[in-house]
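Visitor: Quick check, what structure comes out for this input:
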Amino acid sequence: MANVLVVGFDPSSAGERAVDFAMDLAKLSGSAVIIVHVLEWSPYSFLTPEEIEERHARRKEELSRAKESIIDPLVKKLSAGGISVETSIRYGHVAETLGAVAEEAGASQIIIGRTGGPGIASRLFGSVAGALAQSSPVPCTIVP
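Guide: The predicted structure follows:
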């Protein structure tokens, strides 16, 4: 496997902790880092062609906004660290998308921050961490 770390990032304290952990690990191991921001998207097959076109336009706008407001500032912050950093913004289910990016990149690990708590909703509906732990093609680190 390549020395590549995939980091699931959202603009939260958990996302920041995951990035910080990955950057420290990358410095120690000489790994490259791919920062991935996933926008949840569910296609609806019952939409009209006009509605599909409208959703496609909104999707492009959302991707652009995410790049400008979330990813670009993060890359600017990290660029001084001397670590190879790439980014990817995608639509999809978070755990599945992170797994797909890891497979495509030949990554050695996926790193995410823990955002959920001990609440009933997490237990009933699951969490990204739980789904990733069960479906990931590579080892995962969940940063508390």
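Visitor: Go ahead and list the helix or strand containing residue 28.
Guide: Per DSSP states H and E, residue 28 falls inside helix 13-29.
Visitor: Quick check: buried residues in the following helix or strand past that helix?
Guide: Once the chain leaves helix 13-29, the next helix or strand it forms, by DSSP H and E, is strand 32-39. In terms of neighbour count (16 or more other Cβ atoms under 10 Å), strand 32-39 has its buried residues at 32-39. C-betas here are computed from N, CA, C, even on glycine.
Visitor: Likewise for stretch 3-16?
Guide: Across stretch 3-16, burial judged by 16+ other Cβ under 10 Å covers 4-10, 14-16.
Visitor: Restricted to strands, list those residues.
Guide: Applying DSSP state E to these, the entries found in strands are 4-8.
Visitor: Quick check: of these, which lies closest to residue 101?
Guide: The closest of those to residue 101 turns out to be residue 6 (Cβ to Cβ; 5.4 Å).
Visitor: what's near enough to touch the closest one?
Guide: Counting by Cβ atoms under 8 Å, 6 or more residues apart in numbering, residue 6 touches 34, 36, 98, 101-102, 105, 107, 109-111, 138.
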